[in-house]
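# 3D, please:
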Amino acid sequence: MKKFTLSLLLLLPLLAAAQTDTTEAADTAAVDCDCANSSWDDWDWLDPEEFPCFYQCVKQKVSRGRWSTHLDFAWGFHNWGTSPLSGLAGSDGDAAVRTSFNHILLTLNFPVLISRRVALYAGLGLDWDKYKFHDGTVVFAHSQANPALQSRHLTPVNSPESRLLTRYVVLPVSVCFDLGRHWKLELAAIPGLHWSGSHTGMRQDYSYEQEEFHIKDYHINRHINPFKLDTRVVVRYRSLGLYLQAAMLNAFRNTADELYPVKFGIIL
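Next up is the predicted model:
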């Protein structure tokens, strides 16, 4: 996973740079058009001979530089609750987790439709979460009729810690508004597909009689909702922003737990 993450971090900026280089090359190769002394009525965009000038002037008028391909890195806190947005107050019982700084989202976003003040973006990225339970002895009881997260005190252990790791491939779609004076507002829908593997599932670490034990349980991967749909609000000043992201779908399926994650933090 570390090698994959490093490769992705290196690849995404290269893709963004390639997109910028392509745009610059296209602008350089464009024909010389008198956009300053022309209006929309002067161009017949259905005419193949006039379309290059029409396209070049449109790009200048909508200020494409304001809406460029960019890489987003979000890092923040997370928790979950029994309904959307209730995660800000947390949950009760064995499934209660700590509000911890363990949410990471990395996406590459491309402008699809643009105007002077509004732009529609589509992106591709990865979403990681590591939920740390209040009770360090929480396990996933998958063998019972109604699977659930449960606390099981089987033996006296030292410093137990239980956590759940999830990972999603996401395809964010967002609408961005230029508010002026370097302020922007972004409203996004973030659908995703769960990517299970050796780096997802339940983890339990504890020590017993001067020995350390690390237990991995992958059974919960089959009960993590394979789909996600989050909504996100971002307020940015220049390249720095604050975000609030809430899940519209339950984090699990076919279990007794109905939990909706909420995430908030900084985005660059």
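# show me what contacts L240?
The contact partners of L240, taken as CB atoms under 8 Å, 6 or more residues apart in numbering, are I266, I267, L268. From N, CA and C alone the C-beta is placed, and that goes for glycine too.
# Against N158, how distant is the residue nearest to the spatial centre of the chain?
Residue closest to the average C-alpha location in the chain (CA atoms, centre = their mean): L105, at 4.1 Å. When distances are taken as CB to CB, to the nearest Å, L105 and N158 turn out to be 34 Å apart.
# Next: G125.
With CB to CB as the criterion, G125 and N158 are 39 Å apart.
# Between these two, which is the more surrounded one?
Applying other CB atoms under 10 Å to G125 and N158 shows that G125 carries more neighbours, namely 22 against 11.
# Tell me who's in contact with the more buried one.
Listed by CB under 8 Å, 6+ apart, the contact partners of G125 are L12, D72, L105, L106, T107, L108, V169, V170, P172.
# Which members of these are positioned in strands?
D72, L105, L106, T107, L108, V169, V170 (DSSP state E).
# Strands along the stretch 151-268 of the chain, start to end?
Across the stretch 151-268 of the chain, reading from the start of the chain, the strands by DSSP state E, counting those that start in this stretch fall at 158-170, 173-180, 183-194, 201-208, 211-217, 227-237, 240-247, 260-267.
# out of the ones you listed, deepest packed?
Mean neighbour counts were taken over the strands of the stretch 151-268 of the chain using mean count of other CB atoms under 10 Å, and the top value, a mean of 20, falls to strand 260-267.
# what helices or strands is that strand leaning on?
Applying 3 or more CB pairs under 8 Å, 6 or more residues apart in numbering; DSSP states H and E, one finds that strand 260-267 makes contact with strand 70-81, strand 100-114, strand 227-237, strand 240-247.
# quick one: which of these is nearest L149?
Comparing those against L149 with CB to CB, the closest turns out to be strand 70-81 (11.0 Å).
# which other helices and strands contact that closest one?
Secondary-structure packing of strand 70-81 (3+ CB pairs under 8 Å, 6+ apart): helix 2-29, strand 100-114, strand 118-132, strand 240-247, strand 260-267.
# least reliable of those going by mean pLDDT?
With a mean of 46, helix 2-29 has the lowest mean pLDDT of these.
# residue contacts, H194?
Taking CB under 8 Å, 6+ apart as the criterion, H194 is in contact with T166, R167, Y168, T200, N221, I224, N225, P226, F227, K228.
# try it again with 10 Å
Contacts of H194 were listed using CB atoms under 10 Å, 6 or more residues apart in numbering, and they are 127, 166-169, 200, 221, 224-228, 251.
# Kindly report the same for L120.
Residues counted as contacts of L120 (CB under 10 Å, 6+ apart) are W67, F110, P111, V112, L113, I114, V173, S174, V175, C176.
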